[in-house]
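Q: sequence and predicted structure, then a few things I'm wondering about:
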Protein chains: 4
Amino acid sequence: MAGTPTTDKPATHDFVEEVQIEGHIIDSLILPKILDLITAGGGTLRIKKMTVGQARTDPSFALVDVMATSAGQLSEIIAQIADHGAVPTAQQDCQLVAADMPGAFPEGFYSSTNQRTEVRIGGRWIEVADQEMDCGVAIDTHAMSARCVAMSDVIAGTNFVVGHAGVRVFPLETSAERQGFEFMGSSVSTEKPKGVAIRQIAYELFKNRKSGGKTLLVGGPAIVHTGSGEHVCRLLRAGYIDRLFAGNALATHDIEQSLFGTSLGVHLERGDLAEAGHEHHLRAINRIRRAGGIARAVENGLLTSGIMYECIRNHVDFLLAGSIRDDGPLPEVITDVLEAQRQMREQIRDVSFCLMIATTLHSIAVGNLLPAWVKVVCVDINPSTVIKLGDRGSFQTVGLVTDVEPFLRAVVQELDALERAA
Amino acid sequence: MAGTPTTDKPATHDFVEEVQIEGHIIDSLILPKILDLITAGGGTLRIKKMTVGQARTDPSFALVDVMATSAGQLSEIIAQIADHGAVPTAQQDCQLVAADMPGAFPEGFYSSTNQRTEVRIGGRWIEVADQEMDCGVAIDTHAMSARCVAMSDVIAGTNFVVGHAGVRVFPLETSAERQGFEFMGSSVSTEKPKGVAIRQIAYELFKNRKSGGKTLLVGGPAIVHTGSGEHVCRLLRAGYIDRLFAGNALATHDIEQSLFGTSLGVHLERGDLAEAGHEHHLRAINRIRRAGGIARAVENGLLTSGIMYECIRNHVDFLLAGSIRDDGPLPEVITDVLEAQRQMREQIRDVSFCLMIATTLHSIAVGNLLPAWVKVVCVDINPSTVIKLGDRGSFQTVGLVTDVEPFLRAVVQELDALERAA
Amino acid sequence: MAGTPTTDKPATHDFVEEVQIEGHIIDSLILPKILDLITAGGGTLRIKKMTVGQARTDPSFALVDVMATSAGQLSEIIAQIADHGAVPTAQQDCQLVAADMPGAFPEGFYSSTNQRTEVRIGGRWIEVADQEMDCGVAIDTHAMSARCVAMSDVIAGTNFVVGHAGVRVFPLETSAERQGFEFMGSSVSTEKPKGVAIRQIAYELFKNRKSGGKTLLVGGPAIVHTGSGEHVCRLLRAGYIDRLFAGNALATHDIEQSLFGTSLGVHLERGDLAEAGHEHHLRAINRIRRAGGIARAVENGLLTSGIMYECIRNHVDFLLAGSIRDDGPLPEVITDVLEAQRQMREQIRDVSFCLMIATTLHSIAVGNLLPAWVKVVCVDINPSTVIKLGDRGSFQTVGLVTDVEPFLRAVVQELDALERAA
Amino acid sequence: MAGTPTTDKPATHDFVEEVQIEGHIIDSLILPKILDLITAGGGTLRIKKMTVGQARTDPSFALVDVMATSAGQLSEIIAQIADHGAVPTAQQDCQLVAADMPGAFPEGFYSSTNQRTEVRIGGRWIEVADQEMDCGVAIDTHAMSARCVAMSDVIAGTNFVVGHAGVRVFPLETSAERQGFEFMGSSVSTEKPKGVAIRQIAYELFKNRKSGGKTLLVGGPAIVHTGSGEHVCRLLRAGYIDRLFAGNALATHDIEQSLFGTSLGVHLERGDLAEAGHEHHLRAINRIRRAGGIARAVENGLLTSGIMYECIRNHVDFLLAGSIRDDGPLPEVITDVLEAQRQMREQIRDVSFCLMIATTLHSIAVGNLLPAWVKVVCVDINPSTVIKLGDRGSFQTVGLVTDVEPFLRAVVQELDALERAA
């Protein structure tokens, strides 16, 4: 509050840099955000030129002097607003420093966002490949190419961008994005009509399959516990899902359901506990380990239904990432988390739509890897998962607070209708 | 924890009363509960006789001496365990004191539970009518009748029971109850299969209609916001609901939806905000007030669809209880909360099944009025409503943490199937 | 989604009105919001003139043509953006229609916001008194005065504003507001540091008392259940709270705690259930009713501690509003909800700071009555209360998701420190 | 519900086994639970003998015939009730089968609970070491020893128990347990007084340190985000915590806080976002990786404060387990989840008190490993974490739904008081 006693000696803002911002910067809230960051960072600003688009679809343009009290403060502010698309007008190439050790960036490394980014090398702007947040940007000056590299994958000797000079970011403009995906204002509300959202998600799945886009399902075990496995099987058989990312738990309870008719010991058909049912998931894992894995269990005729079975029969790639709460685990589970991240990275390259259902851990892990322009829908009955995903900068995410089983049942019904109409 | 320093001088437990307990007291957890209460209350106990039912369906019987260190402690313990069916063997009539003023009980009044209760007058056990928790028990010694009376309805001069002597309570036996309603162990879990529960709720509605039972729907405005109004209309038209208890908000947004196509300004068909939509609910109320009420608006042809419309067309009684957050309110809203309670009491007398959907306030209010043997299902996406209802002793309540719209959609589908099969 | 099939015949936007917008319209997000509403409403726009403040604290100015395809659409859009401060340049007086019946507005009535508002009468702009959302604006043309009037208080014959002509709204500018109250971005997050927020709330209480501002506490029974009653007593004795709004439950459990040492039957000192404790609250109410009310019980020496006691001893006004879930209720409870609203309205006129703790019902009721410029802090361990308050347009509200007892304990500690430092 | 049509041909229950149950089987609810399981499993029962303890502290004894319709059903029921302490009277040795492959149990393996267990070998009852749920029991017949072994650690040729014969389980008796830890009935309620619980937890920490018990803290990053790091540092310096289990996130944000003064970019002192603050955690990890690890960073003087610093300075073992959402990670993080489980197992052997704070993943992982008799307190502001932990059979867990920072602040204050009093 204003009254907290501070001795605010007026600081002289002698350090200045001119930046420009372009695009739907007013109605997509980018300009207000940038102005806010400058002031919040202790700087002041002067808008030198401003052209406002006459119609709502015309782009606007602003030229702003950012002023700070020290060179350090100025560069912090410039770094901050650069992530929102403010580009210094005094253009220069990006600065490169070679990694001096494996597995770590050079000090002062440029830390990537999940937005489309270009770096300037030899006077030319080059698009960064494999865009992903919280990475460094490795440059191959011979090939004139740039790509995001995770910290643990750094090879000594590789050139990395340091500082923000020569880097420009193209933030997704909210209003543009919303044209495709406008169904939710306050994504965490539980009191909004869900029918429209469900219809649009079904339409997105339908369209994506038709156009050859790739759909990734990231799912938690509640899919099985709530009796939704059959809906996912339906989606897998019909080709609506191209990849499945999950953990040991989803696969285990799916297989438990197939072998014993229970999930965590609960009879899905009857809703009551089976006797000794809490052991079923362990016996399921043990049998699959004895069989040599899920794929082998399908071949041998041991596993004849369920999500994992359908993945194998329909050649849908699945990736099971390990966690410290796993029992077993199943042989296909990748127990090293860095290796799991690497394989997830490979498999998301061509994903254009991502459905995250009832898993906080895997949703945030995948949210960290996806570029901002991939459409993501996160469905959970617990609002906190949806809020957490939003808090972490995965702002392309549409959150839906609803119950998994009826959600998937409704999506399947909408797809049935779309197929009949097609 | 054990270590908290206390100086436990052994107290002499010289005050003794013999009680008996009968029924499924072992497997319904009633006996353990009573033993626990005696010890927790500072008493000790001696089991003098115990006959355990040989088969699970045979009743058991126990004769127990309760011992305490003072007469006050003994009577506190007896009062406490009396609510769970422990009856002193030294039988005596209940004690009566006449109310000395209107609107208040005599000091020491017996405070009722929501369990079936009998009082002993002139050596005869009489069943208490209008059973409701947190009331006094008024006795008409001429008519040899007893009934629960709320504090604010006390008339000076009426005889009320004081103390616990001559009162016996017949607690619902959990296992017996569960035969009808066994679908949920931990009612707040969001990870259980819902399909079974939904099928059973639909079956209960179906059976209740067929057998002439009365079904009460207690609903909040989220029914309308989530686009579930049409499902409720379907239930009303088909005669599955005999009473509707709600507040100004449900009725207002239902009427807003009928007049403007929006709920709280949100287009249910399109999922986006209407222009000036936040005023719609106010304009809806204003029009109904101008028309002289909901019933008149239906007569005049102003209101031609929606939940309230269907109530009037299908002669379903509705009761709208006021709250301090109401706009308007609609003319039918009962703005005095005591008057609303009185009318609710009248209307629940013959209710045999109660469905509470997405309202904490009205659910708890009705939960306070219902006797323990009325089956209640409480549906809310927010687990805290379900937990609160459980915490307040409405233990006949089955809680379902799920999303309203898909829940009601599924119930309607199940009823369709039952109707076709019938 | 873009693909939903629509046949978008280009409409001709022949209906035009020029509006102007002034203030911190860019960085307070007002301009983007208005542009958004125009397009969302089906209109188009042309920015005819735009002066951007050179420094962040300079106001900006925009002149915009709003174009629509019909007169109705145009007036809907104008009505919508008027609530955000867009004023038609073709100035005219507001239109008045006399109420033709009591308790209802004339059709087409102007529905108020909670923002500062002026109406134009006889060429002069008059400030609207008693600003409150969802009211009509009554005009006294002789006295040249205007005030908000609730629907149920309408007297036949009073002149009310209809339409949006001659009405201008001055929206709170977010950034300006945030200078005082900037501690929370995403108010529902549970993972933010709370220390700063608590310090600022304590400072606000301290400053408000010093400057003669009035602080309103709106509280739920969890204050007593969690053992926080003593903290509130401390605030009451020290003069930090000038009004208390609550329900029957808070007062009842506070008095139960004073008379029996329990709250809902739970011993606050020991954390365990008292025997027969569930009856304590009922016996507490009964005794107060027998005594003739809370004030009389304090006079008579029956009630000697607790929140209600401190209110009476320190001449803090309290208002207990009834609800349908009340037992008893206590004699001071206002059982008619319209009468309770009227008295709340009277008592908030001079409130400058409002602390809402652990009550959804009363918080939303008070949020509906307060003008936008009153600072509100809403504290609840359940994020949904905070979200609901935000969803309903009470945007001056800062939400804090935290536990009541430690929150109040920390506020008291901070006030102790401030008092020692003063 | 009762009405669902079934054709219940009376089955003949010809398969019989006599079991005995001993202990506080009535008031600890063990007997009712067993009777319930027999019936739920399709069996019937006959109580042949029953001795009820005369005083509450006297043990009871029951001899029960379990009857089933098939040998398979009978053995399923026996297996189920064996986990609750029902032991067949016809005593026999446990059956052993050698593992035929590494990493999997033989079919029919006995699956362990987290309760104290004995197996019968050569007529003698041997206690099972390393008790842990969901393991197999490996037998060394030469050494006459038995221990729990996880599935992934199975070595081919080891003998494992199969079936339930010769296994007996000693379930924790609820009432006995509650003597130490009786502060919460419904552990998920947010409306209970917390003061008592906090005092008891502080006392447990104090007592455990004094008596040489080992306390394990399992913590999530919200400890740092909420500004509670200093409280944990205080506990570490004073020797109240002997082990720390956490993930990359807690350590990273703790180090970010030490190096940059922010947590996830939020200034803990000021509560606002630092510029470019979202990069701080990444730069923190990078520096520690460049330094060669946390321990090296402390040695080199790079890291001079915070939780990890205090762990190293006070020789508190810490274990950082990896997850797929990790950035970096820090060099000390164990990225293979099976290896992390193995090391956790080693480090919990001597733990007698476990405090789990604000982490679902690590809490459940540790809950899976701990035997039932270790006291566990789980603190989270989100009730769902506490509910999940309870659902998974960690029934020794006391859950506290409260805010982390004020909770830890209060625990530290209570410990200060205890130290002064000592």
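A: Right, received. Where do you want to start? All values derive from a computational prediction rather than experimental measurement. Numbering: from 1, shown residues only, chains lettered A, B, ... in the order given.

Q: longest helix in chain A, by residue count?
A: helix A:404-421 (DSSP state H).

Q: that one: how far from the chain's middle?
A: Centroid separation between helix A:404-421 and its chain, computed with Cα atoms, centre = their mean, to the nearest Å, is 25 Å.

Q: what about that helix and chain B, touching?
A: Yes: part of helix A:404-421 sits near chain B under the criterion Cβ under 8 Å from any Cβ of the partner chain, namely A:405-407, A:409-410. Any C-beta I mention is one placed from the backbone N, CA and C, and that applies to glycine too.

Q: got the angle for that helix vs helix B:404-421?
A: Angle of helix A:404-421 versus helix B:404-421, following axes from the mean of the first three to the mean of the last three Cα atoms, to 10 degrees, is 70 degrees.

Q: which strands or helices does helix A:404-421 pack on?
A: Here helix A:404-421 touches helix A:195-210, helix A:222-225, helix A:229-237, strand A:351-357, strand A:375-380, helix B:404-421, going by 3 or more Cβ pairs under 8 Å, 6 or more residues apart in numbering or on different chains; DSSP states H and E.

Q: closest to D:Ala104 out of those?
A: helix A:222-225 (22.4 Å; Cβ to Cβ).

Q: tell me how far the closest one lies from the chain's centre.
A: 22 Å.

Q: can you check stretch A:337-345 too?
A: Using Cα atoms, centre = their mean, the offset of stretch A:337-345 from its chain centre is 14 Å.

Q: buried residues in that stretch?
A: A:337-338, A:340-341, A:344-345 (16 or more other Cβ atoms under 10 Å in any protein chain shown).

Q: and chain D, which of the residues you listed reach it?
A: A:337-338, A:340-341, A:344.

Q: in helices, which of those appear?
A: Per DSSP H, those map to helices at A:337-338, A:340-341, A:344.

Q: how far is the host helix or strand of A:Thr385 from where the chain is centred?
A: According to DSSP states H and E, A:Thr385 maps onto helix A:383-391. Centroid displacement of helix A:383-391 relative to its chain, using Cα atoms, centre = their mean, is 12 Å.

Q: just the angle between that helix and helix D:383-391, please?
A: Using the same axes, to 10 degrees: helix A:383-391 against helix D:383-391 is 130 degrees.

Q: do helix A:383-391 and chain B meet at all?
A: No: Helix A:383-391 does not reach chain B (Cβ under 8 Å from any Cβ); its nearest approach is 9.0 Å.

Q: which residues of the stretch 251-400 of chain A lie near chain D?
A: Residues of the stretch 251-400 of chain A lying near chain D (Cβ under 8 Å from any Cβ): A:272-273, A:275-276, A:278-279, A:282-283, A:285-287, A:289-290, A:321-329, A:335-338, A:340-341, A:344, A:360-362, A:364-365, A:368, A:382, A:384, A:393.

Q: if any of those are buried, put those into a ChimeraX selection.
A: A single ChimeraX command selects the buried members of these (16+ other Cβ under 10 Å):
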select /A:272,273,275,276,278,279,282,283,285,286,287,289,290,321,322,323,324,325,326,327,328,329,335,336,337,338,340,341,344,360,361,362,364,365,368,382,384,393
